[in-house]
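Novice: what would the 3D arrangement of this be:
(one chain, ligands or ions: 1)
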Amino acid sequence: MIRSCLKASRTFISHCPVALSHDAVSQPVLVRRGLSMGLWPFSASPRDFSLPNASWNAEMRQVYDHYTALCEVKTEDSEETGPWHKLPSYNRSLKHAAGGVYLSKLIQSKARLFTRNKKEYGAAFEYVIFMNKQEKRCVCAFQAGHLLEGPPGHVHGGAIATMIDTVTGTLAGYLVGPVMTANLNINYRSPIPLGGVVLIHSALDRLEGKKIFVNCRVTSTDESKLHTEATALFISVNMGHLFGM
Ligand SMILES: CCCCC/C=C\C/C=C\C/C=C\C/C=C\CCCC(=O)SCCNC(=O)CCNC(=O)[C@H](O)C(C)(C)COP(=O)(O)OP(=O)(O)OC[C@H]1O[C@@H](n2cnc3c(N)ncnc32)[C@H](O)[C@@H]1OP(=O)(O)O
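Specialist: Prediction:
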């Protein structure tokens, strides 16, 4: 059982959602061992939570359109892919994993990714992450829903920390594979209005063996106002780490 689990884990890890390369993201449907696996390791049609929906305000759509345009670099002869890529975002870490049959015995079937656990559009975390692999950085457009209130009319510091962890962790995972947060340092500079849209910029500082140092800034969408600054340390792990191996 444990050996099977580790085998499935190894299969999963190389296709971990936080480590999805652009190629993996844009790959057409794969057929492996008779299974149809669009967007492998996920099931054929999981909902991509980072696509525009009716709850997105004009500012959120504007940022989405801006970065989406940067994803498509068109020349006269061909349509090339730009340095930016929009990452898909699902509400399960492992349930949709094709190799997850053994893992699913260990992971609760009702488990949902914290930031994607509300089906209601706009209630909590609305966000989309655009990755620039060449520059080892990413930008997230985040619209904070009414369930994220902390100080009256403003976003809870824990919700902001959650988004910083998510964005910096996604960058680290995208660059090196599975990671866990070891340290997160946050300075809250100015409150974020509930319902407002901010940009969460994250960039790689340096790699030191298993350690990935990442910085983060949360700003207004025109970048004139700084809301939050953070640094994060991630450690590369393998799946066995989660099972005490
Ligand atoms: C296979 C796992 C996949 C996990 C994927 C996660 C999510 C995937 C799904 C979708 C998510 C999508 C987006 C979000 C992505 C990410 C955000 C969420 C991430 C989290 O929400 S995650 C939960 C909170 N997180 C924890 O629950 C960690 C608990 N903790 C541990 O599990 C261990 O503690 C660990 C792994 C951190 C290290 O353990 P370890 O045994 O691998 O490494 P070790 O201790 O040997 O340290 C090696 C070198 O790092 C230095 N070092 C270690 N810790 C340090 C610290 N705090 N400060 C300064 N330096 C530190 C040492 O000093 C040494 O340095 P040196 O090499 O120079 O001596």
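Novice: now Phe130: how far from Arg47?
Specialist: Plainly put, Phe130 is 19 Å away from Arg47 if you go by C-beta to C-beta, to the nearest Å. The way it works is simple: take the backbone N, C-alpha and C, and place the C-beta from them, glycine included.
Novice: who has more neighbours out of these two?
Specialist: Phe130 (22 against 12; other C-beta atoms under 10 Å).
Novice: does the more buried one touch Val167 like I think?
Specialist: No - shown here, Phe130 and Val167 do not form a contact pair, counting by C-beta atoms under 8 Å, at 10.5 Å.
Novice: how about stretch 120-133 and the ligand, touching?
Specialist: No - contact of stretch 120-133 with the ligand is not found when judged by C-beta under 6 Å from any ligand atom; the minimum separation is 8.7 Å.
Novice: shaky segments in this structure?
Specialist: Regions of the chain meeting the criterion pLDDT under 70 cover residues 1-45, 73-80, 94-109.
Novice: which residue is nearest the centroid of the chain?
Specialist: Thr170 (4.6 Å; C-alpha atoms, centre = their mean).
Novice: helix/strand/coil for that one?
Specialist: helix (DSSP: H, G, I helix; E, B strand; the rest coil).
Novice: show me what contacts it?
Specialist: By C-beta atoms under 8 Å, 6 or more residues apart in numbering, the contact list for Thr170 reads 18, 87, 129, 131, 138.
Novice: list just the nearest of the residues you listed to the ligand.
Specialist: Nearest to the ligand out of these is Val18 (C-beta to the nearest ligand atom; 4.8 Å).
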